[in-house]
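**Student:** sequence first, then the predicted structure, then my questions.
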Amino acid sequence: LLFLAFLVAFFTINVAFGETFYVTNPDEFQNALSIADSNREDDTINVAEGRYNITSTLYYSSCNGDSGHELTIQGAGADKTVLDGGGSVQILYIDTDADNNGGDSGGDVTIKGVGFNEGFGWGDGGGMYVDGWSINLTIKECAFSKNHTYLDVYGNGNGGGVYASTFKGTITITNNTFSRNRADHYTGGGGGGLYAESRLGTIVITNNTFSGNSANCDGGGLYAYSKYAITITNNTFSRNSADLDGGGVDAYSKSGTITITNNTFSGNSVKYGYGGGVHVRLRYDSATLNIYNNILFGNMANDGDDLYVYSDGDGNYIGSIVNLYNNDFSGNADFDTGQSWDLYIT
């Protein structure tokens, strides 16, 4: 009886043993994604070295994320496994909560060692789109080059290289390069290189290079939003541009902590707005901004060429906490007033 009880328990509990796929062309890749979508296992897709011409979007849209199975996509290296959209196709689309019931906890996504080149999306994510409710998303050792997202009338047009969104999970972006990606929209697209949003979770951006990306709204290199925590460490932002705010970075938190440490911001610009290097928005009084040990030099904007901080988002005339230590600014940063060409804090 005990043995029978064990068998019943074993086969009624969802156990994700995992399956490993080895793919060498786009058809095999899509077939592996389709199987991984439905098998309720922790799957790994190994993509062989080569250049893949993507003529239709690689698609993974799962309601079975509710069972908490993980997906890992592993290339041979960003310069060895290259997915090319030819300037006309969004390369990779992943949705772990297609039924919108918020039940994809444990359905984490990891993408490593892949190059995404010349993807084009009519909406969010020119090179890659990943969306979930409570998944943890990790993108590491990838390259995103000349990807473009555009929407001409209504809707979203964010994340030229990558659109990454999870409601309460962690987004981790490590050791990637984002170059010459663009986010366009009829009324404004954000995050030319990367758009990262985790409303009730955390965002960690570490050891990446953002160069020559652009957005016709906010965040030429990076747009990041979290209510709770954003950490941006050891990255390089150069020659990124935005029409509005944040040529290099636009970061927004309602009541959490934004920490920007050991980064270099140079040659970034905005056309009409503020914060050529960095633009930060803090909404409530409890929000905190820590900016330590950065180089901010030669950036351009209407105000706050290097750094602009909007510290009173709720309009109650009480500024949020701003800690600013050991940074190198261009020559016109006034630390007595905090309101100068290169440094401006409202």
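**Tutor:** Cool, got the structure. Numbering: from 1, shown residues only.
**Student:** ok, the closest residue to Gly106 other than its chain neighbours to Ile260 distance?
**Tutor:** Once its chain neighbours are removed from consideration, Gly106 has its nearest residue in Gly68; the separation is 2.9 Å (CB to CB, 6 or more residues apart in numbering). C-betas here are computed from N, CA, C, even on glycine. Counting by CB to CB, to the nearest Å, the gap between Gly68 and Ile260 amounts to 33 Å.
**Student:** when the two are compared, which one has more neighbours?
**Tutor:** Counting neighbours by other CB atoms under 10 Å for Gly68 and for Ile260 shows that Ile260 has the greater number, 26 against 19.
**Student:** any stretches of the stretch 101-250 of the chain with poor pLDDT?
**Tutor:** Applying pLDDT under 70 to the stretch 101-250 of the chain flags residues 152-155, 186-188.
**Student:** let's see it at 90
**Tutor:** By pLDDT under 90, the weakly predicted segments of the stretch 101-250 of the chain are 101-103, 105-106, 122-123, 150-157, 184-189.
**Student:** what is the neighbour count of the nearest residue to Ser340 once chain neighbours are set aside?
**Tutor:** Take Ser340 and drop its neighbours on the chain: the residue closest to it by CB to CB, 6+ apart is Asp334, 3.6 Å away. By the other CB under 10 Å criterion, the neighbourhood of Asp334 contains 13 residues.
**Student:** what's the answer for Asp95, then?
**Tutor:** Other residues near Asp95 number 20, with proximity taken as other CB under 10 Å.
**Student:** that one against Ser62, yeah?
**Tutor:** Yes - under the contact definition of CB atoms under 8 Å, Asp95 touches Ser62, with a separation of 7.0 Å.
**Student:** check contacts around the residue nearest to the spatial centre of the chain.
**Tutor:** With distances taken as CA atoms, centre = their mean, the chain has Ala196 as the residue nearest its mean C-alpha position (3.3 Å). Counting by CB atoms under 8 Å, 6 or more residues apart in numbering, Ala196 touches 162, 164-165, 171, 173, 203, 205, 222-225.
**Student:** pick the one among those residues closest to Gly132.
**Tutor:** Ser165 (7.4 Å; CB to CB).
**Student:** checking the closest one next. Helix, strand or coil?
**Tutor:** Under DSSP: H, G, I helix; E, B strand; the rest coil, Ser165 falls in the strand class.
**Student:** check Gln90 too.
**Tutor:** coil.
**Student:** and it, what's its pLDDT?
**Tutor:** The predicted structure scores Gln90 at 97 on the pLDDT scale.
**Student:** so what's the residue count around it?
**Tutor:** Look at Gln90: counted by other CB under 10 Å, it has 26 neighbours.
**Student:** ok, it - contacts?
**Tutor:** For Gln90, the residues meeting the contact criterion (CB under 8 Å, 6+ apart) are 57, 119-123, 125-127, 129, 149.
**Student:** sorry, back to before: narrow the contacts of Ala196 to those in strands?
**Tutor:** Secondary structure assignment (DSSP state E) places 162, 164-165, 171, 173, 203, 205, 222-225 from the contacts of Ala196 within strands.
**Student:** closest to Gly273 among the residues you listed?
**Tutor:** Lowest distance from Gly273 to these (CB to CB) belongs to Tyr223, with 13.0 Å.
**Student:** just flag the most distant two among the contacts of Gln90.
**Tutor:** Of all pairs drawn from these, the widest gap by CB to CB lies between Trp122 and Gly127 and measures 13.7 Å.
**Student:** which of the two has more neighbours?
**Tutor:** For Trp122 and Gly127, the more surrounded residue by other CB under 10 Å is Gly127, and the numbers stand at 34 against 12.
**Student:** narrow the contacts of Ala196 to those that are buried.
**Tutor:** Among those, those that count as buried by neighbour count (16 or more other CB atoms under 10 Å) are 162, 164-165, 171, 173, 203, 205, 222-225.
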